[in-house]
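Engineer: sequence and predicted structure, then a few things I'm wondering about:
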Amino acid sequence: MAAPVSVLVTHPGRQHSHQAAIGLAAAGLLAGYWAGVPAVAEQTRALPRPLRRRVARYAALPLPPERTRWFPATPALRRLGDALLPTAGAAWTDLAACRLFDRRVAARLPAGLDAVIACEISALETFRAARRRGVVTLLDAPSFHHRTQDRVHGRTAPAAVHRRVTEIKDREIELADHILTVSELARESYLEAGVPPERVHALALGADLQLFTPDDGRGEAPAEPRAFTFLFSGASIGRKGFDLLLEAFARIAAAEPATCLRIVGPRGDAAHLLDRLPEEARARLAVVGPVPQATLAAELRGADLVVLPSRHDSYGMAVAEALACGVPVLVSSMVGAKDLVRSGETGWVVPVGDGAALAERMLWCARHPAAVRALRPACRRAAESATWESYHRRLVDLLLTILPARRAA
């Protein structure tokens, strides 16, 4: 009987890395999950109560405690930089936190590993140590290749930090046996940068279909006429096309008064543009801010159309979550989750950066509310292919393909 494959998953924060760990644990392949945030309740019990409240937003995971490790110095260093330093200093501190995490993981790699999955910017030393032992290296690449990011959106970090991060990313790509992207669109960015296609694999993310569910109406028209509701879910940043959204909504509000826009998510670098909206648009605007997942699901259910006009978004969780709630989506061509969108059936795709096309489609939707709401059942059906369970299966199948030397019993 073959020995089980043994895979370590590491991440300086969390993102979707915990889903990889959950899927591998269920398949009996998880050697460990090491992260910068707590994974299980046992890791936070010794903390003082104020610190316990800070990490409470990270839900405890269904993982064996003995296979999890928490590196609290990583988030502590990040928060210190954000709180005490200017933008450039905070960027350097964030990089230092990732590098510290990487070095600590590299120094503690357990024996008997077959593979390690490590996130970009925190994988360099881990991969060097792994390759010395003959361990397969898999780069968790949650974003586009850095060349695509720079071309589409330009540099956002200070020049010196950007150069250093780019150097690290290039070295990690060289050391990675395989690269895991979150969409076909993101995979294409690595192929365009010259990475051999056999080394790059697209593993689309999922949504929790038990949490994100349609409302009881299931596409039925409301009993009384109501304002057509657009919803934006995400940080109010330029990369997410927040400026394009506000410009488009200003036009919609002037042409169709019976509309409103709800903004759900943390404040970002383009939030100041809210103050520049015309009065008539501001009167129909609701800034909700960041909310727990259950509240987000309720917000999505109350929307008529979720809009994500990102300049580059390697996946776009809001798309899968909206569809799971039975809500159509309007996205740009640079959103990885556009693969879930069928034009006129589950939503629409507009050219990236095209504010006029965005406004035109939003206006059409506002003027045809019954047609938009009739798409709800098809949206939910489309989301059924984008679950975390399907992500788990794809990841396990991939690992058992690229690690032929040792298969699960």
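Structural biologist: Here it is on my side, so go on.
Engineer: show me where the stretch 201-350 of the chain has its helices.
Structural biologist: According to DSSP state H, counting those that start in this stretch, the stretch 201-350 of the chain carries its helices in the segments 242-255, 279-282, 293-301, 317-324.
Engineer: let me know which of those helices is tucked in deepest.
Structural biologist: Among the helices of the stretch 201-350 of the chain, judged by mean count of other CB atoms under 10 Å, the one packed with the most neighbours on average is helix 317-324 (a mean of 28). Every residue, glycine included, has its C-beta placed from N, CA and C.
Engineer: check which helices and strands that one is in contact with.
Structural biologist: Packing partners of helix 317-324 (3 or more CB pairs under 8 Å, 6 or more residues apart in numbering; DSSP states H and E): strand 228-233, helix 293-301, strand 305-308, strand 329-332, helix 376-383.
Engineer: ranking the helices of the stretch 201-350 of the chain by mean pLDDT, which is last?
Structural biologist: In terms of mean pLDDT, the lowest-scoring of the helices of the stretch 201-350 of the chain is helix 279-282 (a mean of 90).
Engineer: would you mind writing the CA trace of it as PDB?
Structural biologist: Output of helix 279-282 as PDB, limited to C-alpha atoms (Å, rounded to 0.1, in the frame of the first residue of the first chain):
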ATOM      1  CA  GLU A 279     -25.800  65.700  -4.600                       C
ATOM      2  CA  GLU A 280     -28.500  63.700  -6.400                       C
ATOM      3  CA  ALA A 281     -26.200  60.600  -6.600                       C
ATOM      4  CA  ARG A 282     -25.100  61.000  -2.900                       C
END
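Engineer: contacts for it, please.
Structural biologist: 246, 249-250, 253-254, 257, 261, 274 (CB atoms under 8 Å, 6 or more residues apart in numbering).
Engineer: dump the residues you listed into JSON lines; add distance to residue 24 as well.
Structural biologist: Shown next, in JSON lines, are the contacts of helix 279-282 (distance: CB to CB, whole Å):
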{"residue": "246", "distance to residue 24": "41"}
{"residue": "249", "distance to residue 24": "42"}
{"residue": "250", "distance to residue 24": "47"}
{"residue": "253", "distance to residue 24": "48"}
{"residue": "254", "distance to residue 24": "52"}
{"residue": "257", "distance to residue 24": "52"}
{"residue": "261", "distance to residue 24": "40"}
{"residue": "274", "distance to residue 24": "42"}
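Engineer: tell me which two in the residues you listed are the farthest apart.
Structural biologist: The distance between the two most remote of the contacts of helix 279-282 (CB to CB) is 19.3 Å, for 257 and 274.
Engineer: out of those two, which sits in the more crowded spot?
Structural biologist: Using other CB atoms under 10 Å as the criterion, residue 257 and residue 274 rank with residue 274 on top: 16 against 13.
Engineer: buried set for the helix ranked longest in the chain?
Structural biologist: Assignment by DSSP state H gives helix 87-107 as the longest helix of the chain. Applying a neighbour-count criterion of 16 or more other CB atoms under 10 Å, one finds 90-95, 97-102, 104-106 buried in helix 87-107.
Engineer: any idea of the mean pLDDT for that helix?
Structural biologist: Across helix 87-107, pLDDT averages out at 89.
Engineer: now stretch 44-64
Structural biologist: For stretch 44-64, mean pLDDT rounds to 71.
Engineer: residue 286 bridge partners, please.
Structural biologist: In this entry, residue 286 is beta-bridged to residue 262, by DSSP bridges.
Engineer: quick one: contacts for it?
Structural biologist: With contacts defined as CB under 8 Å, 6+ apart, residue 286 is in contact with 260-263.
Engineer: looking at it now. What's its pLDDT?
Structural biologist: pLDDT, residue 286: 95.
Engineer: ok, and the closest non-adjacent residue to residue 231?
Structural biologist: Ranked by CB to CB, 6 or more residues apart in numbering and with sequence neighbours excluded, the top spatial neighbour of residue 231 is residue 303, at 3.7 Å.
Engineer: any idea of the pLDDT on that neighbour?
Structural biologist: Among the per-residue scores, residue 303 holds a pLDDT of 97.
Engineer: burial of it, as a residue count?
Structural biologist: 23.
Engineer: thought it was touching residue 262?
Structural biologist: Yes. Between residue 303 and residue 262 there is a contact at 6.8 Å, judged by CB atoms under 8 Å.
Engineer: before we move on, back to that, among the helices and strands packed on helix 317-324, which is nearest residue 211?
Structural biologist: Nearest to residue 211 among the helices and strands packed on helix 317-324 is helix 293-301; the distance by CB to CB comes to 5.4 Å.
Engineer: tell me what that closest one is packed against?
Structural biologist: Using 3+ CB pairs under 8 Å, 6+ apart: helix 293-301 touches strand 228-233, strand 259-264, helix 317-324.
Engineer: tell me what angle the first one forms with helix 293-301.
Structural biologist: Right, the one you point to is strand 228-233. Interaxial angle, strand 228-233 versus helix 293-301 (axes from the mean of the first three to the mean of the last three CA atoms, to 10 degrees): 150 degrees.
Engineer: who touches strand 228-233?
Structural biologist: Identification of contacts with strand 228-233 by CB under 8 Å, 6+ apart yields 240, 242, 245, 249, 252, 256, 258-265, 296, 299-300, 302-308, 318, 321-322, 327, 362, 365-366, 369, 372.
Engineer: hmm, 7 Å instead?
Structural biologist: The contact list for strand 228-233 (CB atoms under 7 Å, 6 or more residues apart in numbering) reads 245, 249, 258-265, 296, 299-300, 302-307, 318, 362, 366, 369.
Engineer: and the second one, by the same measure?
Structural biologist: The set of residues that contact strand 259-264 without belonging to it, under CB under 7 Å, 6+ apart, is 227-233, 236, 249, 252-253, 284-288, 291, 296, 299, 303, 366.
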